[in-house]
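Q: Sequence and predicted model, in that order:
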Amino acid sequence: MQSHSKLRIASASAQPVVPGLHGWADLPDGPLSSILALSGSFRDVLAFAATCRSWRAAFSSYPNKSAFCTRFPPLLVQFNVCVQAPDLPSNKGRHELRTCKVIDPINKNIALRCQIPQEIYQEMHFAGTSYGQLICGRAGYCLVVDVFSGAVVCPPRLPFSGDFEFGKEFYFSGTLTAPIASPNSHLLVSTAISLFDWPVGSDSWSELQLSDESIEQLVEFNGQFIAMDDCYKIYALQLSPQLGLQEITTEWVGHLPPSSYTKPWLVVCGDMLLMVPCFWTVSSGSSVLQCIPHHLDMSTNPAKWVEVNQLDNWALFVGGDMRSRPFSCMSPERWGRRSKWLYYAGRSSFIVHGVGDERAPSAGPKVEYERRRPRAGKLQPLWVYPSIFYTDAQ
């Protein structure tokens, strides 16, 4: 990780290289890209983009912004902590925005914030996060909200076939298949009885009625979308020629399989698809939280969930609500954290636990490990990468 002093030195030395400059705003794209590549945190990158119009344009045209998501950890958004700042109307004046606290694991002491529409906190059902967007819904209507800008996309009303009075419009999960501005992006939303697909920008949804369990998590793995229901069955998802699910038969190998008391996360970790259940065990008279990941070995039939004792140089980032997207990061030592740990999005800060055979320090608070779905409007802290880092130049 580059220090701030090195970044300033590199920036200052760039000006004399190009003759005829009248100020920092006149730097051409080449030196600006070199400066941007030296960023040591998301805060550095965001400050770069906010410097002036020409620097913002240089950031927008930077061809590999998504690489920052592999270099830096995600940001922790605490919807439960309202920052002491005035709530502001959005640019179009249609949504009142609430200002919430954001923590950067690289430097917990630097104040960051985001703005979320107030209506999200009233009666909306949380469905998931994806590509920097928050996905919520109510009474057949969905909102896709940029976590940091508060910008809102409103899809058409869902074509419900059930009765709202009996809770069949409850939102179990939601995800995007690509960044919201991508031409091939789809919004997938699961309810108690159906899975819905909206090609972003179109006028209608397609519906797949579910015969058995509800879909709780959706992830992209090796170019394919994988869905997991509330009984931990795994499915391959297809979008065309029509929406469909194909079950992947699996069996569990190793430690305790997940149960209703150990709701697992489905995490993509490099070339592995992990299921990460956590459960309490008793060791030396005290309770210890164990996180035992299993990776899906699809070379056999049926596929097997095989226990992973060592995560090597990976770290996992998860939220209390299983529908908020979990992340994995390689070599967190680069920015002052440790591998083989699970970073849990707590209500006051993040909390760490060892993964597999790794044991986290005994000092520090224990996580309040509750895997139930929160009530409508009760957004839990979660990890997110800003949406601007998913807009690589084509």
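A: Yep, that arrived. Numbering: from 1, shown residues only.
Q: got the contact list for the closest residue to residue 65 other than its chain neighbours?
A: Nearest residue to residue 65 in three dimensions, chain neighbours excluded: residue 389, at 4.9 Å (CB to CB, 6 or more residues apart in numbering). C-beta here means a position set from N, CA and C on the backbone, and glycine is covered the same way. Residue 389 sits next to 45, 65-66, 68-69, 132 when contact means CB atoms under 8 Å, 6 or more residues apart in numbering.
Q: low pLDDT regions in the stretch 251-394 of the chain?
A: Low-confidence segments of the stretch 251-394 of the chain (pLDDT under 70): 255, 260-262, 280-288, 359-378, 393-394.
Q: rewinding a little: I'd like to know which of the contacts of residue 389 is nearest to residue 57.
A: Using CB to CB, residue 65 comes nearest to residue 57 of these, at 13.3 Å.
Q: count of neighbours near the closest one?
A: By the criterion of other CB atoms under 10 Å, residue 65 has 20 neighbours.
Q: Phi and psi next, for it.
A: Dihedral pair for residue 65: phi -60, psi -30, per degrees, to the nearest 10.
Q: contacting residues for it?
A: Shown in contact with residue 65 (CB under 8 Å, 6+ apart): 59, 388-392.
Q: do residue 136 as well
A: By CB under 8 Å, 6+ apart, the contact list for residue 136 reads 120, 124-127, 142-143, 145, 171, 174.
Q: I'd like to check which residues are in contact with residue 302.
A: Neighbouring residues of residue 302 by CB under 8 Å, 6+ apart: 249-251.
Q: correction: residue 337
A: Residues in contact with residue 337 (CB under 8 Å, 6+ apart) are 73, 105, 315, 343.
Q: With residue 78 instead?
A: Here residue 78 is in contact with 100-103, 347-348, 381 (CB under 8 Å, 6+ apart).
Q: How about residue 202?
A: By CB under 8 Å, 6+ apart, residue 202 has no neighbours at all.
Q: do you know how far it is from residue 183?
A: Separation of residue 202 from residue 183 (CB to CB, to the nearest Å): 12 Å.
Q: Three-state assignment for the closest residue to residue 71 other than its chain neighbours, please.
A: Of all residues beyond its chain neighbours, the one nearest residue 71 is residue 334 (7.4 Å), with distances taken as CB to CB, 6+ apart. The three-state label given to residue 334 by DSSP: H, G, I helix; E, B strand; the rest coil is helix.
Q: I'd say residue 334 and residue 70 touch.
A: No - checked against CB atoms under 8 Å, the pair residue 334 and residue 70 is beyond contact range at 10.5 Å.
Q: Let me see the confidence value for residue 144.
A: The score at residue 144 is 94. That number is its pLDDT.
Q: Confirm for me that it is in contact with residue 137.
A: No - here residue 144 does not reach residue 137: they are 9.7 Å apart, not a contact under CB under 8 Å.
Q: ok so residue 323 is a helix residue?
A: No - counting by three-state DSSP, one finds residue 323 to be coil, located in no helix.
Q: need the strands for the stretch 51-200 of the chain, in chain order.
A: Residue ranges of the strands in the stretch 51-200 of the chain, as given by DSSP state E, counting those that start in this stretch, are 75-82, 97-104, 107-117, 125-130, 133-138, 141-146, 152-153, 171-176, 186-191, 194-199.
Q: Export these as CSV, with columns for distance to residue 231.
A: Converted to CSV, the strands of the stretch 51-200 of the chain look like this (distance: least, CB to CB, whole Å):
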stretch, distance to residue 231
strand 75-82, 29
strand 97-104, 34
strand 107-117, 32
strand 125-130, 19
strand 133-138, 23
strand 141-146, 25
strand 152-153, 32
strand 171-176, 13
strand 186-191, 14
strand 194-199, 15
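Q: Residue ranges of each domain in this protein, please.
A: Here the domain parsing of the chain from automatic domain parsing is 4-62, 71-390.
Q: Quick check: which of these is buried the most?
A: Greatest average neighbour count among the domains of the chain goes to domain 71-390 (a mean of 17), per mean count of other CB atoms under 10 Å.
Q: Tell me where the model's unsure across the stretch 101-250 of the chain.
A: 122-123, 161-170.
Q: quick revisit: return the member of the contacts of residue 337 nearest to residue 152.
A: Lowest distance from residue 152 to those (CB to CB) belongs to residue 73, with 26.8 Å.
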